[in-house]
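> here you go, sequence then predicted model.
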Amino acid sequence: MAFIENFELIRIPVEFYKTMGQDIFETAKHNRLKSISLKILLYGGLGNYIIEYMLQVVFFVLALRSNEYLVAYAVAPSIGFGLVAYFKMMTLHMNRSSIRDILREFELIYPKTMELQRDYQIEKFYRLLKPIMKLYAGLCLMNTFYYLFFPLVKSVSACLLFGVKFDFPLPLFIWYPYDPKGNWTLYLLTYGMQLYGSLLTAVGYLTADLFLVSSVEQLCIHFNYVSLRFEQFEPSSDENNHRYLARIVKHHIKCLEISDSVDRIFGFSLFLNFFASSGTLCFVGFQVTSATIEELLQNIVLLVTSLSQVFIICFYGNKLMYTSQAVGEAAFGHAWYMCNMEYRRMVALVITRSQKMAAIHAPTFPPISLETFMKVISMAYQFFAVIRTTSDN
């Protein structure tokens, strides 16, 4: 077993966050050139994103006014995805100091020796966390690159194989006050703006979720450790018993405080995430019913990505609830009956507090768990039924 630094548990979201022009630990504030570069990246990216998004909304409205509902429904998932990504980016930006404090709290209580890391079972948790975060990021970026480059690859292939004239395809449906296909300069500029805006949207969308996932996994590590400490308890003198229990209780309280902070920061963005995912699944399902082979392939990629993202969040929410509840079960199951009355009262308080599981919440949703995943699927089907009925009428 190799020693695993605490930073390895958050490396992926921290590095993605830098590509947005922000440094969660503010390591660049003493480097003027790097600081200016990050600000240009941040404000330039946000400015381009906002312009592209507003023009996409204009296209959507014009399509509805022209009764081109299939075109409008094709644009809707992108608009929903972009809106959620914006709120997630704002969540990270407005709460960056709180997120930084949480990450530093995790660093303070992180095991610093090989022996402690074995006790905390760090390697077991890290082996699961790392591939899941890579899978999550990979799916989101794969979906983004597919939508960005498939039209271009298709058009270039048609030119080379069949001699068809290049039709200057663009990946997104966006209204422009000029003809983006008028010449190569305008086309490349427009394509570059769509490419940059879409990548920023994807990174903003997944970075917030990756910070959440890494935070929840670290909470699970510490709740699991508290449970193990109860299970490994061997009664001794009253003084030693109380000292042993006091360390466990202090660690448990710190975990609960961090859990509340994580829930407070990410709750609203999770609500938008699930609501938008329901809408995306609905519109994708509607398009599949009347799609060409090409559109079907695009929609399948989007469908798999959306389902995977929601499932991963719900999986970790479920894991947090389970590991926090297990603390109470471990406290009840250890040899408290061999200790004095004061010790028993302290254990009773731990058990009572553990009845209220640590969890992440989204407004109007129950605590995030695998049941929430089923609720999102149910909402998507209800939206689909409404749109299908409206379309048929």
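Happy to help now that I have it. The structure displayed is predicted, hence computed values, not measured ones.

> so, low pLDDT: which residues of this structure?
By pLDDT under 70, the weakly predicted segments of the chain are 1, 28, 286-292, 294-295, 390-393.

> all helices of it, in order?
Using DSSP state H, the helices of the chain run over 11-19, 32-65, 69-94, 96-109, 114-120, 122-162, 184-231, 238-288, 293-333, 341-354, 370-392.

> winner for burial among those?
helix 184-231 (a mean of 21; mean count of other C-beta atoms under 10 Å). Heads up, the C-betas are built off the backbone N, CA and C, glycines and all.

> how far away is Met94 from Val350?
As for Met94, its distance to Val350 is 34 Å (criterion: C-beta to C-beta, to the nearest Å).

> equivalent analysis for Cys159, please.
In terms of C-beta to C-beta, Cys159 sits 69 Å off from Val350.

> now swap in Tyr191 and tell me
Tyr191 sits 59 Å away from Val350, going by C-beta to C-beta.

> got the contact list for stretch 179-199?
Residues from elsewhere that reach stretch 179-199 (C-beta atoms under 8 Å, 6 or more residues apart in numbering): 45, 48-49, 51-53, 144, 147-148, 152, 167-168, 170-172, 174, 176, 178.

> again, 6 Å this time
For stretch 179-199, contacts defined as C-beta atoms under 6 Å, 6 or more residues apart in numbering pick out 48-49, 52, 144, 148, 168, 171-172.

> chain center to that stretch, what's the gap?
29 Å (C-alpha atoms, centre = their mean, to the nearest Å).

> neighbours of Phe173, how many?
Neighbour count for Phe173, taken as other C-beta atoms under 10 Å: 16.

> please verify my assumption that it contacts Val58.
No - at 10.5 Å, Phe173 does not count as touching Val58 under the criterion of C-beta atoms under 6 Å.

> CA atoms only: put stretch 124-144 into CSV for me.
Written as CSV, here are the backbone C-alpha positions of stretch 124-144 (Å, rounded to 0.1, in the frame of the first residue of the first chain):
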residue,chain,number,x,y,z
LYS,A,124,-10.1,1.1,-0.3
PHE,A,125,-12.0,4.3,-0.6
TYR,A,126,-9.5,5.9,-3.0
ARG,A,127,-9.6,2.9,-5.4
LEU,A,128,-13.3,3.5,-5.8
LEU,A,129,-13.3,7.3,-5.9
LYS,A,130,-10.6,7.8,-8.5
PRO,A,131,-12.1,5.8,-11.3
ILE,A,132,-15.6,7.1,-10.6
MET,A,133,-14.5,10.7,-10.8
LYS,A,134,-12.6,9.9,-14.1
LEU,A,135,-15.7,8.1,-15.5
TYR,A,136,-17.9,11.1,-14.5
ALA,A,137,-15.6,13.6,-16.1
GLY,A,138,-15.0,11.4,-19.1
LEU,A,139,-18.6,10.9,-19.9
CYS,A,140,-19.4,14.6,-19.6
LEU,A,141,-16.4,15.6,-21.8
MET,A,142,-17.1,12.8,-24.3
ASN,A,143,-20.7,14.0,-24.7
THR,A,144,-19.5,17.6,-25.2
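
> next one: the spatially most distant residue from the centre of the chain from Thr207, what distance?
The centre of the chain is farthest from one residue, Ser237, which by C-alpha atoms, centre = their mean lies 47.0 Å away. Separation of Ser237 from Thr207 (C-beta to C-beta): 50 Å.

> ok, Thr372 next?
Distance, Thr372 to Thr207, by C-beta to C-beta: 21 Å.

> again with Leu103
Leu103 is 13 Å from Thr207, where distance means C-beta to C-beta.

> Asn318 too?
For Asn318 relative to Thr207 (C-beta to C-beta), the value is 22 Å.

> try Lys130
Taken as C-beta to C-beta, the span from Lys130 to Thr207 is 16 Å.

> one more: Leu116?
30 Å.

> same deal with Trp184?
Trp184 is 34 Å from Thr207, by C-beta to C-beta.

> go on, Leu64?
32 Å.

> can you tell me the closest non-neighbouring residue to Val164?
Excluding the flanking residues, the one nearest Val164 by C-beta to C-beta, 6 or more residues apart in numbering is Ala158, at 4.2 Å.
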